[in-house]
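Q: Pasting the sequence and the predicted model now:
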Amino acid sequence: MDINGNELISIPNDDMNCFGCSPHNRSGLRMNFSANDDAVFSWLTLEKQHVGFEDIVHGGITVTMLDEVTEWTVMYFLKKMAVTKSITSDFLRAIKIDQQLRLEGRIIEMKSERESVVEGRLYDSEEILCAKAISTMALFDDDGIKRFGTCDDHFINNIKNIFEAGRV
């Protein structure tokens with residue numbers, strides 16, 4: 001359930017090795033995603049290996065989490081594969097390890113059928129906004145993403161499972 005008690009839809013993921021979201025990457029964040037009608041969410045707790053200083057989460061890890069939630073927001077709501085063209089982040093408060101963090105992603109603008117702007121937000125366990133990002137995402141269909149030469153049919157089929165999890 002989201003913070004308002006609304007039911008969430010679990011978004012399937014079987015990505016092969018992504019640092020941010022793969023359930024198979026033992027060194028990664030292993031982020032899971034769910035959605036309601038307005039946003040995509042992820043909850044996770046970071047540990048000592050994610051620090052930059054003392055018990056503060058490394059800024060690069062913070063941006064990675066925001067990048068992941070904005071990417072999954074595009075895939076879920078727009079049913080497109082995407083790559084991040086740019087991401088601008090604001091660090092508003094130190095993020096400590098060993099607490100449950102909540103991330104949210106929302107589409108805020110469609111610039112064209114090939115580009116969207118997405119906002120990601122990261123909250124601590126006290127529901128205080130700690131970081132946010134605005135991502136400009138380049139959108140692709142199957143053929144467009146295949147032209148990159150980095151995605152095989154297995155990966156594309158996994159992405160299509162995400163599309164099917166979305167609203168009808």
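A: All right, it came through fine.
Q: now the end-to-end length of stretch 44-62.
A: Using CA to CA, to the nearest Å, one end of stretch 44-62 lies 12 Å from the other.
Q: All the helices of the protein, residue numbers only.
A: Ranges of helices in the chain, per DSSP state H, are 59-78, 142-146, 153-165.
Q: Report the residue spans of the chain with pLDDT below the cut-off.
A: Where the chain drops to pLDDT under 70, the residues are 1-5, 15, 142, 145-146, 148-152, 154-155, 158-163, 165-168.
Q: Most remote residue from the middle of it, which is it?
A: residue 54 (25.6 Å; CA atoms, centre = their mean).
Q: List the contacts of stretch 60-73.
A: Stretch 60-73 is contacted from outside by 11, 18-21, 29, 31, 33, 39-42, 44, 46, 50, 52, 82, 84, 87, 89, 91, 95, 101, 103-107, 118-122, 130-133, 135, 137, 162, using CB atoms under 8 Å, 6 or more residues apart in numbering. (Glycine included, C-beta is placed from N, CA and C.)
Q: Now a PyMOL select for only the buried ones of the residues you listed.
A: In PyMOL syntax, the buried subset of these is picked out as below (16 or more other CB atoms under 10 Å):
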select buried, resi 11+18+20+21+29+31+33+39+40+41+42+46+50+82+84+87+89+95+101+103+104+105+107+118+119+120+121+122+130+131+132+133+135+137+162
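Q: just checking, which of the contacts of stretch 60-73 belong to strands?
A: 11, 33, 40-42, 44, 52, 82, 84, 87, 89, 91, 101, 103-107, 118-122, 130-133, 135, 137 (DSSP state E).
Q: residues near residue 102, how many?
A: Residues lying near residue 102 (other CB atoms under 10 Å) number 18.
Q: bridging residues for the closest residue to it other than its chain neighbours?
A: Nearest in space to residue 102, with sequence neighbours left out and distances taken as CB to CB, 6 or more residues apart in numbering, is residue 123 at 4.6 Å. Counting by DSSP bridges, residue 123 is bridged to residue 102, residue 129.
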